[in-house]
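Colleague: After the sequence you'll find the predicted model.
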Amino acid sequence: MKQEVRNNKLANTSGRLRPPIIAVLGHVDHGKTTLLDAIRKTSVAAREAGGITQSIGASVVATKGGPITFIDTPGHAAFSKMRSQGAKVADIAVLVVDASGGVKPQTLEALQIIREAQIPFIVCVTKMDLPSASLEAVQGQLEKEGVSFEGRGGDVPLVSVSAKKGIGVNELLETIILVSEVKGVEGSPEANLEAVVIETSQSKGGPLVSVIVRCGTLKVGEEVFCEDKTTKVKGLFDEKSKPISVVLPSEPAQILGFEELPAVGSIIRSVAEAVPFQKQETTPQRPHYAGLKEGQIPVIIKAKNAGALEAILANLPKEVVVIDSGVGDIYESDVLRVKASSAKYIFAFESKASGDVLKLATSEGVKIEIFKVIYELFDKLNEIIKGGQVEILGKAEIVASFPFDKKKIAGCKLQEGKIAKSDAIILMRQDKEIGRVRIVSLKKQKTEITEAKNGEEFGILFEPQLDFAVGDMLVSVRK
Ligand code: GDP
C-alpha cells in the first residue's frame, strides 16, 4: 500500500486533500462507543486541550498522521437508518467486530450499508484482550461473506484492537490515514459549498442543525440553500459550543438560523448553487390515525433529535399507530392531542416534559413514557402490545340511556358471550377504545344479577362515568 500512497500523493500535489470522514459501524455491544472513546483519548488534541465536548454528531480527532473526522454512530439496530446516512456522508467505514462474539446480524447489515455506499472500509476486530478472542475465526466468517483481506488476495485492511487496554488504536488511526491517502479524499475550501445534515435538535435559541462540510467553506452571515428553502446562517458552533465564523471541509459544526428542521441526510449548498428540491428517501409513512382496529396502539412519538425520531418511526412494531410525531420536548398541546384522539400514550426518547405538562397528563389520563435507552422504549411498547392482546369474553350494544341519580345507566343488549359483574369492561365507539370502566351495578329489570348471558337485555351503571352514546359497545375482557 505504501508505494500506492506515494503515487497518489504525487498525483494529488495540486489537488486539495481534506481529512477523511469516518463512520464506525457494527453490531450492538461490539465496542463502537468504547473504541471512539479510546480514539479520543489517544488524540493529540484531547491530550493537549482536554475540555468537555458535547456531541454534535461528529468530532475531529488530531492524530500524528493528520486530523480525522469521526461521525458518532449509535449502536442499536433502530439506528440503522441513521447509520446508513452516516455511511453516505462518510469517506471510509470502520466495521467493528467483537473478537469473541464474531460476525452477528448487524455486522452483516453494516457490511451491506457499506457496500451500497460504495466506500472503502477497514475491519477492526475489537476486544482482543478477552481469552476467547479469535482473530482467525472473525476473518474466516467475513471471508465467507465475500470480504477479501489485504495479504490474502484482497484490499480490505484488518486491524486488531483492545479498546479497553488502548492496544492497536494508533495502528487503526494510521490505517485510516493510509486508506484516505490511497483514496485521495478531496474537497477544496474554495469549491462550492456542500455540507451534509447529520443531526438536528431544538434548542432554546431555535433549531440547531449539525452538519459536516464536505467541500467549500461555510461562513456566518451567508445565505445557504437546503431542501427548498434559503436560510441565513446566524451562528456557527463547534463541539465545545464555542462560536466560530467559518467551517472548512471535513469539519463538523452546528448551524443556528434555520426556521424549520431539515431532514437528516439533506444537503446544504450555497445559494448560487441552489438546485430544485428533490425530497430524500424518507421513512415510509405509517397509517394515519383513523378508526383503530383491535390490538392497535395509538401513540405520539417525540425525540430530542431528528435522527433518533426517524430511527424510532422506521422500527415501530406494526401494532403501533402514530397519531403524531415531532422533534423536541413534550408540550401541553401533545397531551391534549393524545386526549382528543382517545389514545393514551406519549413515547419520548430523551425529550423533556415540564412539571405542568406532567400534571396535565395525569389529570387527563395520558401516560408519558420517556426513555434514555432506545431499546427500552421498544421493550415497553412490546409489553403494552402483549397486554393489549386481551381475551374478549362478551360484547353488548348500548341501546338506551336512562338518567339515574345525576348519573346515567346504559341499557344494553348482549350480542355475544357473557358479561359478568367482575369483568373488566372496555367502552368502544366505532372500533375505537373510549376508555375502561368497572361495573358498579348490573340489573335485569329490577333484579341485581352477577352475569348477563347471550341475548339478554340489562342495565349497567359503571365507573368512571364515561360519556357513552347509544350505539356504543361494551366489551368484557379477562382481567
Ligand atoms: P457498542 O454498543 O458497539 O457501542 O459497544 P460498547 O462500546 O458500549 O461496548 C459494549 C461492551 O463491551 C461494554 O461493556 C464494553 O466495556 C465492552 N468492551 C468494549 N471494548 C472492549 C475491549 O476492547 N475489551 C473488552 N474486554 N471489553 C470491551
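Modeller: Perfect, I can see it now.
Colleague: show me the contacts for residue 356.
Modeller: By Cβ atoms under 8 Å, 6 or more residues apart in numbering, the contact set of residue 356 is residue 332. Using the backbone N, CA and C atoms, a C-beta is placed for each residue, glycine as well.
Colleague: Use 278 as the first number for this chain going forward.
Modeller: Right, with 278 as the first residue, what we last looked at is residue 633.
Colleague: how close does it sit to residue 606?
Modeller: 12 Å (Cβ to Cβ, to the nearest Å).
Colleague: Check residue 735 too.
Modeller: Separation of residue 735 from residue 606 (Cβ to Cβ): 47 Å.
Colleague: Looking at those two, which is more packed in?
Modeller: Neighbour count, other Cβ atoms under 10 Å: between residue 735 and residue 606, residue 735 has more, with 21 against 17.
Colleague: Give me the secondary structure label for that one.
Modeller: Applying DSSP: H, G, I helix; E, B strand; the rest coil to residue 735 yields a three-state assignment of strand.
Colleague: Just to check, it is in contact with residue 723?
Modeller: No: counting by Cβ atoms under 8 Å, residue 735 stays clear of residue 723, with 11.2 Å between them.
Colleague: count of residues packed around residue 388?
Modeller: Residues lying near residue 388 (other Cβ under 10 Å) number 22.
Colleague: which parts of the helix or strand harbouring it are buried?
Modeller: Taking DSSP states H and E as the criterion, residue 388 maps to helix 382-394. Buried residues in helix 382-394, defined by neighbour count with 16 or more other Cβ atoms under 10 Å: 383-384, 386-388, 390-391, 394.
Colleague: now do stretch 695-714
Modeller: Neighbour-count burial for stretch 695-714 flags 695-698, 700, 702-705, 709-714 (criterion: 16+ other Cβ under 10 Å).
Colleague: Which of those residues fall in strands?
Modeller: 696-697, 702-705, 709-714 (DSSP state E).
Colleague: Identify the farthest-apart pair in the buried residues of stretch 695-714.
Modeller: 698 and 709 (25.1 Å; Cβ to Cβ).
Colleague: Can you show me the helices along the stretch 478-627 of the chain?
Modeller: Here the stretch 478-627 of the chain has its helices, by DSSP state H, counting those that start in this stretch, at 583-591, 609-617.
Colleague: what distance separates the first one from the middle of the whole chain?
Modeller: When you say that, I think you mean helix 583-591. Helix 583-591 sits 3 Å away from the centroid of its parent chain (Cα atoms, centre = their mean, to the nearest Å).
Colleague: Need the CA coordinates for it. CSV is fine.
Modeller: Output of helix 583-591 as CSV, limited to C-alpha atoms (Å, rounded to 0.1, in the frame of the first residue of the first chain):
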residue,chain,number,x,y,z
ALA,A,583,-34.5,14.1,14.1
GLY,A,584,-32.1,11.2,13.6
ALA,A,585,-33.4,9.3,16.6
LEU,A,586,-37.0,10.1,15.7
GLU,A,587,-36.6,8.7,12.2
ALA,A,588,-34.9,5.6,13.6
ILE,A,589,-37.8,5.0,16.0
LEU,A,590,-40.5,5.6,13.4
ALA,A,591,-38.8,3.2,11.0
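Colleague: Who are the packing partners of that helix?
Modeller: Helix 583-591 sits against helix 357-366, strand 471-480, strand 574-580, strand 597-604, strand 622-626, helix 651-665, with contacts defined as 3 or more Cβ pairs under 8 Å, 6 or more residues apart in numbering; DSSP states H and E.
Colleague: Figure out which of these is closest to residue 460.
Modeller: helix 357-366 (14.8 Å).
Colleague: circling back to that earlier point, sort out which one of the buried residues of helix 382-394 lies nearest the ligand for me.
Modeller: Top of the list for closeness to the ligand, among those and by Cβ to the nearest ligand atom, is residue 383 at 9.1 Å.
Colleague: That closest one touches residue 306, doesn't it?
Modeller: No: using Cβ under 8 Å, residue 383 is not in contact with residue 306; the gap is 9.6 Å.
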